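Trainee: requesting a structural model of the entry that follows:
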Amino acid sequence: MSQIIFGKNPVLEAFSSRQSIEKVYILATLSGELEIKIRKLCKEHNIPLAKVPEVKLDDLTKKKLHQGVAAVISPVQYIKFEDLLQKTVAENGFLIVLDNVSDVRNMGAIARSGYYFGASGLVIAGNFSGQINEDTVKTSAGAILNLPIARTGSVLTAVAELQNKGFLVVAADVKGKKIPEEIDFTTPTALIMGAEEKGLHYKVLETADETVRIEGKGEFDSLNVSVASGVLMYEIVSQRKRV
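Mentor: Take a look at the predicted model:
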């Protein structure tokens, strides 16, 4: 499962050996060559980077000598975003893109549904997304270990890349213009799901090809993000079975 490594050489070695790094923490006051190098590597590999006070690093490393840097090794092996897009187009599949979804149990539940419904993969976007850990794996019933997963920094950049590859980009929103049945999900599709409380940024909603809402009769104005994802995935699969 997830593991903490710390210190300049171990963290840099993790990058050079292409270990799957979930997140990197550096001391807020760290500067100079090491800080520049770590920041550059994180940007190149779409790895979230957090600048934190020393007490946070001391807590992560149990007060061992960390030299101002620590990293969480992920229990999953990430693949390149570009490779996942190519794979999905080739099989006329669909992707679930999570924009800053922070609850790790929601991530696990979505991964489980994605695996069940045959999604081509999961894309985690944003620097404030939850970390895949033991709880995520448990909630997914292990499915997240068998589902291709990629990361990307900006969801807006991801939307542009998806559209350039020929994806239909559908953003879920409580005020979406269409219901699921009104959208043609039979071509390569990217379903964008927003953070639990804030939802998707208005620029994502403006840029997406379609916005979709799930109508109901209850007192709540929206569904939990994992439940909504499952409902929409079911519609995608149902449409494809009828073709």
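
Trainee: residues in contact with the residue nearest the centre of the chain?
Mentor: The residue lying closest to the centre of the chain (CA atoms, centre = their mean) is residue 124, at 1.2 Å. Neighbouring residues of residue 124 by CB atoms under 8 Å, 6 or more residues apart in numbering: 98, 101, 107, 132, 149-152. Just so you know, the C-beta spots here come from the backbone N, C-alpha and C atoms, and that holds for glycine as well.

Trainee: so how far is the helix ranked longest in the chain off the chain centroid?
Mentor: Counting by DSSP state H, the longest helix found in the chain is helix 225-242. On the basis of CA atoms, centre = their mean, to the nearest Å, helix 225-242 sits 18 Å off its chain's mean C-alpha point.

Trainee: buried stuff in that helix?
Mentor: Of all the residues in helix 225-242, those buried under the rule 16 or more other CB atoms under 10 Å are 225-226, 228-230, 232-233, 235-236, 239-240.

Trainee: any low-confidence regions in this structure?
Mentor: Across the chain, the ranges flagged by pLDDT under 70 are 1-2, 219-221.

Trainee: all helices of it, in order?
Mentor: Using DSSP H, helices in the chain cover 8-16, 33-44, 54-60, 81-90, 104-117, 134-139, 155-164, 202-207, 225-242.

Trainee: which of these sits most buried?
Mentor: Across the helices of the chain, the average number of neighbours (mean count of other CB atoms under 10 Å) peaks for helix 104-117, which reaches a mean of 22.

Trainee: and the closest residue to residue 123 other than its chain neighbours, what are its bridge partners?
Mentor: Of all residues not flanking residue 123 in the chain, residue 97 sits nearest, at 4.3 Å (CB to CB, 6 or more residues apart in numbering). Beta-bridge partners recorded for residue 97 (DSSP bridges): residue 123, residue 192.

Trainee: show me the contacts for residue 97.
Mentor: 122-123, 125, 155, 158, 162, 190-193.

Trainee: could you rerun that using 10 Å?
Mentor: Contact analysis of residue 97 by CB atoms under 10 Å, 6 or more residues apart in numbering lists 121-126, 150, 152, 155, 158-159, 162, 167, 169-171, 190-194, 204.
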